[in-house]
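Visitor: Dropping a prediction and its sequence here:
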Amino acid sequence: MSRLPQLTVETATEEQRELLEGTLKQLGKLPNLYAAMANGPAALRGYLAMREALVGGSFSTKQREQLALFIAQKNSCTYCVSAHTLRGGKVGLSEEQLLATRKGQDTDPHMDQVLKLTDAVMTERGRVSDSALAEARAAGVTDAEIAEIVGHVALNVLSNFFNHVAEPELDFPLVDAHLAE
C-alpha cells in the first residue's frame, strides 16, 4: 500500500486536478508515481517541467528510456525499473538491450559512453574526472549531451527517491531492481 495517497482527478484539489489532467494528456495514462507526487503540486509541476524540457533535448526516446532505466537500476528503484523496462520494450529495446542497459552497457560505442558517464556522474556525485569527460567526448558525446546527462540524473533521481519515500502501488509488470550477478 502506498505511503502517500494516490490522488485521482475526482479526489484532487483544483490545482492537483489540473496537474493530473495534464499528465493524462501528456502520457495517455496516470501512473501511480504521478498520482502520489500530486500530493505536492510544486514537486509534480517541477518534475513535469523538467521532463518536458528534456524530451526536447539531444537524446532520442530510446536513449532517454535507457538513461531512465540505468539510473533507476543504480538507485534500486523497482517501480522505475519496472516502468522503464516496459517503456523500453515499447520503443524497440530488446530483452538483451534492456539487461545490458541495466548493467550500464551498450553495443553502440556512443551510447556505451553515455551510460558510463552517467554512472560516473552518479557515483562521483557530479565530480567526474577529466579522463571520464575525455573518454565520453572521444566517443562523440557532445557538450549538450553531457549537460543533459546531468539533467536526466536529476530528473530520475527525483522520481526514484520519491518512489522510495511514497511506495506507490506498482502499476507496471514487476521487474526486480536487484540484478543477479
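Guide: Cool, the structure landed.
Visitor: low-scoring stretches of the chain, by residue?
Guide: 180-181 (pLDDT under 70).
Visitor: And the residue nearest the centre of this structure?
Guide: Ala68 (3.1 Å; Cα atoms, centre = their mean).
Visitor: Phi and psi next, for the residue nearest to that residue when sequence neighbours are not counted.
Guide: Once flanking residues are discounted, Ala68 sits nearest to His84: 4.6 Å by Cβ to Cβ, 6 or more residues apart in numbering. No exception for glycine: its C-beta is placed from N, CA and C like everyone else's. Backbone geometry at His84, expressed as degrees, to the nearest 10, gives phi -80, psi -20.
Visitor: Next, the residue nearest to the centre of the chain: secondary structure please.
Guide: Put simply, Ala68 is helix when judged by DSSP: H, G, I helix; E, B strand; the rest coil.
Visitor: And the helices in this structure?
Guide: 14-27, 32-37, 41-55, 61-74, 78-90, 95-102, 109-123, 130-138, 143-166 (DSSP state H).
Visitor: Tell me which of the ones you listed is the most buried.
Guide: helix 32-37 (a mean of 25; mean count of other Cβ atoms under 10 Å).
Visitor: which residues touch it?
Guide: Helix 32-37 has contacts (Cβ atoms under 8 Å, 6 or more residues apart in numbering) with 2, 4-8, 20, 23, 27, 43-44, 47, 79-80, 83, 159, 162-163, 166, 168-171.
Visitor: One more: stretch 76-92?
Guide: 31-33, 61-62, 65-66, 68-69, 71-73, 95, 97-98, 101-102, 156, 159-160, 163-164, 168, 170, 172-178.
Visitor: swap the cut-off to 7 Å and go again
Guide: The contact list for stretch 76-92 (Cβ atoms under 7 Å, 6 or more residues apart in numbering) reads 31, 33, 61-62, 65-66, 68-69, 72-73, 98, 159-160, 163-164, 168, 170, 172-178.
Visitor: Now do Lys29 against Cys77, distance only.
Guide: Separation of Lys29 from Cys77 (Cβ to Cβ, to the nearest Å): 19 Å.
Visitor: Between these two, tell me which one has more neighbours.
Guide: Comparing Lys29 with Cys77 by other Cβ atoms under 10 Å, the one with more neighbours is Cys77, at 24 against 9.
Visitor: now that one: how far from Glu169?
Guide: Counting by Cβ to Cβ, the gap from Cys77 to Glu169 is 14 Å.
Visitor: ok, now Pro5?
Guide: Counting by Cβ to Cβ, the gap from Pro5 to Glu169 is 11 Å.
Visitor: mind checking how far stretch 146-160 is from the chain centre?
Guide: 7 Å (Cα atoms, centre = their mean, to the nearest Å).
Visitor: ah, wrong one, I meant stretch 91-101
Guide: 15 Å.
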